[in-house]
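> Here is a sequence with its predicted model. Questions after.
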Amino acid sequence: MVAHTPTLFASVALVATIMAFCLILVAQYNQRDGVLTTGVGLLAHAAAYVCYTLYGHGPLWLTYGAANTLLSIALGYYAISIFRIRDLTVPWLRVFSLPLVMLVSMALLIDTLELRMLAASLVLILQCLLIVCLAYRYSEPGGRAQVLLIIGGSISLIGLGMRVVAILLGGAAEMQYNVSNLTQTISVSIGTATVMMYSLGLVLLSKERSESKLQHMAHRDVLTGMLNRRAILERFSDELERAYLTRASLAVAMIDIDHFKQINDIHGHLVGDSVLVHCAQHLKKRLRHADIIGRYGGEEFLVLLPSTDAEGALAVLDALRMSLARAPAVVDGLSIPVCFSAGVWCGTPEPGDSTANLIARADVALYEAKASGRNTVRLAPAAAQASEGYARDSVQAPG
């Protein structure tokens with residue numbers, strides 16, 4: 001069915017305008033999540049299609065030159081939104097170099113039908129390709145927003161490709177904005193789909209990014225940036241179940257920074273926080289890739305060493321202990337020596353084992369290490385039973 005082309009342009013302009021005002025209104029509450037730039041892009045998109053509706057009734061510089069430049073600016077803002085949503089530095093100059101190319105091309109080629117149409121289409125094709133590439137590269141792991149953006153960009157490329165083919169085959173006159181035919185109807189109708197997909201895709205990308213940030217914050221210790229108590233216990237539960245099912249060895253270590261209270265008492269809590277961050281970063285960087293560490297509480301860290309026997313666990317922990325002892329924390333020009341004591345439980349989990357009792361066994365070994373003079377590592381006997389006095393609150397692992 002052939003539709004009236006100016007009416008199609010007006011329909012796209014109306015849809016883009018409504019969505020633009022909705023996004024700009026919502027963006028007033030948070031102007032850093034990419035929604036505002038998406039709304040600005042939609043306004044430019046709507047303005048471009050309003051100009052298209054006037055084709056044949058107004059000057060070419062407005063109905064073609066300004067219209068395509070506005071559409072190019074809209075696509076530029078969509079690309080900028082992806083950078084804003086991902087909290088990346090926005091390359092304004094590089095992104096808007098293409099709208100600048102569009103402006104110059106329209107100014108130079110406005111009186112040449114085929115050349116101006118080809119130039120406009122090619123610039124828009126490059127911008128759609130840029131959006132597709134950015135959506136693919138900066139999508140959230142497991143997210144769905146990139147699907148909408150990639151489909152929207154691909155549909156735009158199809159519509160623009162149809163125009164290019166028609167122009168190259170000598171049908172430029174049939175692709176003018178005041179002409180109604182089947183190819184024109186399909187090409188322009190695609191504009192409605194792309195407006196909706198770009199805007200919804202960017203809003204969904206912003207939502208997924210916010211959810212990812214919240215999830216990250218919920219699982220990370222505010223001071224050290226490593227896994228917090230809740231998250232490390234969840235990982236412990238998973239590793240315990242995996243080790244039980246596969247009959248693999250698992251090592252669990254409780255690390256406590258020696259004399260940390262004295263550091264706080266002598267230098268103050270701000271310096272103590274800096275020392276704790278130093279220790280956390282040092283330990284995290286020197287653990288093996290498969291190992292897991294989290295802040296258990298205060299100056300204590302819980303370390304999980306999957307598929308590690310007792311000899312390997314002692315070697316890893318002792319290497320960490322010696323490494324930290326040789327790397328004092330430097331805070332405001334002051335060098336503060338640090339060391340830790342550690343208790344390690346290692347074995348193949350049995351049906352009655354839980355995160356609570358394994359931590360308790362490692363805790364008993366930790367207190368033995370402290371009682372023996374600190375700055376040392378002690379291994380809990382395989383059959384040792386932790387006393388109730390040392391038990392900590394924890395998450396029960398499946399038995």
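Thanks, I have the structure now. Numbers count the residues shown, from 1 in each chain.
> Can you show me the helices along the chain?
5-27, 35-53, 60, 67-85, 92-95, 97-109, 113-137, 145-168, 182-219, 229-246, 260-267, 269-286, 310-325, 355-371 (DSSP state H).
> I'd like the distance between the nearest residue to L118 once chain neighbours are set aside and V101.
Of all residues not flanking L118 in the chain, I167 sits nearest, at 5.7 Å (Cβ to Cβ, 6 or more residues apart in numbering). In short, each C-beta sits where N, CA and C put it, glycine included. I167 sits 18 Å away from V101, going by Cβ to Cβ, to the nearest Å.
> pLDDT below threshold where in the stretch 251-399 of the chain?
Counting by pLDDT under 70, the stretch 251-399 of the chain has low-confidence residues at 382-399.
> got the CA coordinates for stretch 130-139 in PDB?
What follows is stretch 130-139, C-alpha atoms only, in PDB (Å, rounded to 0.1, in the frame of the first residue of the first chain):
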ATOM      1  CA  LEU A 130      28.500   3.900  14.500                       C
ATOM      2  CA  ILE A 131      25.400   3.500  16.700                       C
ATOM      3  CA  VAL A 132      25.300  -0.200  16.000                       C
ATOM      4  CA  CYS A 133      29.000  -0.600  16.800                       C
ATOM      5  CA  LEU A 134      28.700   1.400  20.100                       C
ATOM      6  CA  ALA A 135      25.600  -0.600  21.100                       C
ATOM      7  CA  TYR A 136      27.500  -3.800  20.600                       C
ATOM      8  CA  ARG A 137      30.700  -2.700  22.300                       C
ATOM      9  CA  TYR A 138      29.200  -0.900  25.300                       C
ATOM     10  CA  SER A 139      26.200  -3.200  26.100                       C
END
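> can you give me phi and psi for the closest residue to H259 other than its chain neighbours?
Spatial nearest neighbour of H259, excluding adjacent residues (Cβ to Cβ, 6+ apart): R374 at 7.5 Å. R374 adopts backbone torsions of phi 70, psi 180, taken as degrees, to the nearest 10.
> what's the burial count for R374?
Using other Cβ atoms under 10 Å, R374 is surrounded by 14 other residues.
> quick one: contacts for it?
Taking Cβ atoms under 8 Å, 6 or more residues apart in numbering, we find R374 in contact with 258-259, 339, 341.
> could those residues go into CSV alongside distance to S180 and neighbour count?
Listed next are the contacts of R374 as CSV, based on distance: Cβ to Cβ, whole Å; neighbours: other Cβ atoms under 10 Å:
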residue, distance to S180, neighbour count
D258, 82, 21
H259, 84, 15
C339, 81, 17
S341, 82, 24
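> Next step: those residues restricted to strands.
S341 (DSSP state E).
> Out of the contacts of R374, which comes closest to I125?
Of all the contacts of R374, I125 sits closest to C339, with 61.9 Å by Cβ to Cβ.
> gap between that closest one and R374?
Taking Cβ to Cβ, one finds C339 at 7 Å from R374.
> Please enumerate the shared neighbours of the two.
Residues touching both C339 and R374 (Cβ under 8 Å, 6+ apart) are D258.
> How many residues are close by D309?
For D309, using other Cβ under 10 Å, the count is 16.
> Can you pull the phi/psi pair for it?
phi -90, psi 180.
> so who does it touch?
249, 251, 346.
> Then G225?
A280.
> Go again with 10 Å.
The contact partners of G225, by Cβ atoms under 10 Å, 6 or more residues apart in numbering, come to 216, 277, 280-281, 284, 295.
> Can you say which of those are buried?
Buried members of the contacts of G225, counted by 16 or more other Cβ atoms under 10 Å: 277, 280, 284, 295.
> What's opposite the last one in the beta bridge?
Read that as R295. F301 (DSSP bridges).
> what about the closest residue to M102 other than its chain neighbours, distance to A120?
Distances taken as Cβ to Cβ, 6+ apart place S72 nearest to M102, at 4.1 Å, with adjacent residues excluded. Distance, S72 to A120, by Cβ to Cβ: 8 Å.
> Could you do T112 as well?
12 Å.
> okay, those two: which has more neighbours?
Set T112 next to A120 and count neighbours by other Cβ under 10 Å: A120 wins out with 23 against 12.
> Wait, that one touches S105, no?
Yes - using Cβ atoms under 10 Å, A120 makes contact with S105 at a distance of 7.1 Å.
> Return the distance of stretch 276-296 from the chain's centre.
22 Å (Cα atoms, centre = their mean, to the nearest Å).
> residue contacts, the residue nearest the centre of the chain?
Here the mean C-alpha position of the chain is nearest to the C-alpha of E140 (Cα atoms, centre = their mean), at a distance of 5.0 Å. By Cβ under 10 Å, 6+ apart, the contact set of E140 is 85-86, 146, 204-205, 207-209, 211-212.
> same question, C22
35, 39, 42, 199, 203.
> Look at R326 and say how many residues are nearby.
Count around R326 with other Cβ under 10 Å applied: 9.
> From V303, how far out is it?
19 Å.
> The nearest residue to L227 once chain neighbours are set aside: neighbour count?
What sits nearest to L227 in space, not counting adjacent residues and going by Cβ to Cβ, 6+ apart, is G294, at 3.3 Å. Applying other Cβ under 10 Å, we find 27 residues neighbouring G294.
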